[in-house]
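sharing a model prediction with you, sequence too.
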Amino acid sequence: MALPCPFALATSTNVVEREGVAPLSEMANAVAAAQRVVLLVAASDVTLLHVKTPPLSAAKLKLALPNLVEDQLMVDPDECVVVPGNMVDGLRTAAVMQRGWLDILSKSFTSFGARSLSAVPAQLCLPHSDGNVTAAIAEIGVDIDLALRSAEQSEAGIGLPIMPESADTAASEVLSTLRMLAPAMPIILYVPQSRVIEYQQVSGESGGEFPIIIHADQWSHWVDGAGKATLNLMSGLGAGSGPQVNWRQWRWALGLAILLLLVNALGLNLDWWNMKREASALQTAMIQTFKSTYPKETVILDPVAQMHKKIDEAERSAGRSAPDDFVQLAANFGEALDAEIAASKVQGGASSVVASIDYRERSLLVHIKPDNKVSQENMKIALAARNLSLSNPSNGVWQIGSAK
């Protein structure tokens, strides 16, 4: 966390507003304020491989890729993050990085409050021009990290750590390494501004058919390259590069919301307990009233229904007919039928309409003559006015029952 970390703050249009070098532990405020954080992983920390893969879905390819690149690795694939890239000329690019180091970076920046985090191999952020090899160096103390990119479409690039014998021989060792990696192509090399003259002098002394052109390194081409890169190493950890919610700034609002939910839940439970107690008291009172009225009844399941049943039995014992008794049903049906016959001016009276009447299950079953002139719909209206209902259980039969 104390290692110097070069950084740049850029706008959404890739205009660099600020740049510098600071320990990672001092960048928490800048990371938390940024809309998006892109890590340029050192080229020597990422290996780009090209493997032939069968046609697989994204999920299956993610599972199969570590096994496909296992033969090209010197370590266990389980210790690495393997992320698939683009498919070019039948070969799939696979970026391989040590899982432990990437996990440390992910947790560190997430703890700083990074809302959108992605990691891109540095070699894929180098600018590219046809016919040239592009390279850049990053100095870490006396050591040098070399990034080289040879083709844009195939996502081809390598990274090498160079540990020179002394600071005086660093430039010549870098240039000789580049010439071994790209012996027959012009090379464009980006170096820190303070090293431009030194590298230009060494490059001029080396000569050769294919020149090595020295330029001062600038953050603008790294920012542009990172914006165009499609390979995100963080996806190998399952982190992705989507926006992350910064819960820290919402902690008081979330605490208040949880408190309100607890208060509402407590209030609802209190209301439920009060209603349950009132219902229990009302049930007990109804049972006591039923027992005092009918002391001989020992089984009380539903005091309200049993009370209604006892009242009906008492009314019938006193001579009062129920709405679904035969006499009551027949009288009300006869009144409704006579009124409908008179309104329809049917000849022959009720005998021309009704063939027979049965009484079953507290309903009248009226068998209607097929050639009657009485409208069934009008009869339903007339019977409804007398609290009766009419239905057709079978053809030619009216079932008359109480509507109560």
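Received the coordinates, thanks. Numbers count the residues shown, from 1 in each chain.

state the distance from residue 11 to residue 113.
Using C-beta to C-beta, to the nearest Å, one gets 20 Å for the distance from residue 11 to residue 113. Glycine gets a C-beta too; all of them are placed from N, C-alpha and C.

more neighbours, these two?
Each of residue 11 and residue 113 had its neighbours counted (other C-beta atoms under 10 Å), and the higher figure belongs to residue 113 (18 against 10).

which phi and psi does the more buried one have?
In terms of degrees, to the nearest 10, the main-chain angles of residue 113 are phi 100, psi 20.

check the gap between the nearest residue to it once chain neighbours are set aside and residue 112 for me.
Sequence neighbours aside, residue 32 is the residue nearest to residue 113 in space, at 3.5 Å (criterion: C-beta to C-beta, 6 or more residues apart in numbering). When distances are taken as C-beta to C-beta, residue 32 and residue 112 turn out to be 6 Å apart.

residues in contact with the lowest-mean-pLDDT helix or strand in the chain?
Across the helices and strands of the chain, the lowest-confidence element by mean pLDDT, DSSP states H and E is helix 303-317, at a mean of 79. Residues lying outside helix 303-317 but in contact with it, judged by C-beta atoms under 8 Å, 6 or more residues apart in numbering, are 283, 286, 287, 289, 290, 293, 294, 297, 300, 322.

give me every residue that touches the second one.
I take that to be residue 286. Contacts of residue 286 were listed using C-beta under 8 Å, 6+ apart, and they are 303, 304.

same check on the first one?
Shown here is residue 283, whose contacts under the criterion C-beta under 8 Å, 6+ apart are residue 303.

change it to 6 Å
Taking C-beta atoms under 6 Å, 6 or more residues apart in numbering, we find residue 283 in contact with no residue.

read off the pLDDT value for it.
The score at residue 283 is 89. That number is its pLDDT.

is it true that the residue nearest to residue 113 touches residue 115?
No. Counting by C-beta atoms under 6 Å, no contact exists between residue 32 and residue 115, whose distance comes to 8.2 Å.

and the gap between residue 47 and residue 306?
Taking C-beta to C-beta as the criterion, residue 47 is separated from residue 306 by 85 Å.

who's more crowded, the two?
residue 47 (21 against 16).

next, the nearest residue to the more buried one once chain neighbours are set aside: phi, psi?
Closest residue to residue 47 in three dimensions, ignoring its sequence neighbours and counting by C-beta to C-beta, 6+ apart: residue 96, at 4.5 Å. According to degrees, to the nearest 10, the main-chain angles of residue 96 amount to phi -120, psi 130.

do the same with the one 4 residues further on
Dihedral pair for residue 100: phi -60, psi -40, per degrees, to the nearest 10.

what of residue 53?
As for residue 53, its main-chain torsions (degrees, to the nearest 10) stand at phi -120, psi 150.

might you report the residue contacts of it?
Neighbours of residue 53 in contact, by C-beta under 6 Å, 6+ apart: residue 92.

ok so, going back, of the contacts of helix 303-317, which belong to helices?
Of the positions in the contacts of helix 303-317, 283, 286, 287, 289, 290, 293 sit in helices, assigned by DSSP state H.
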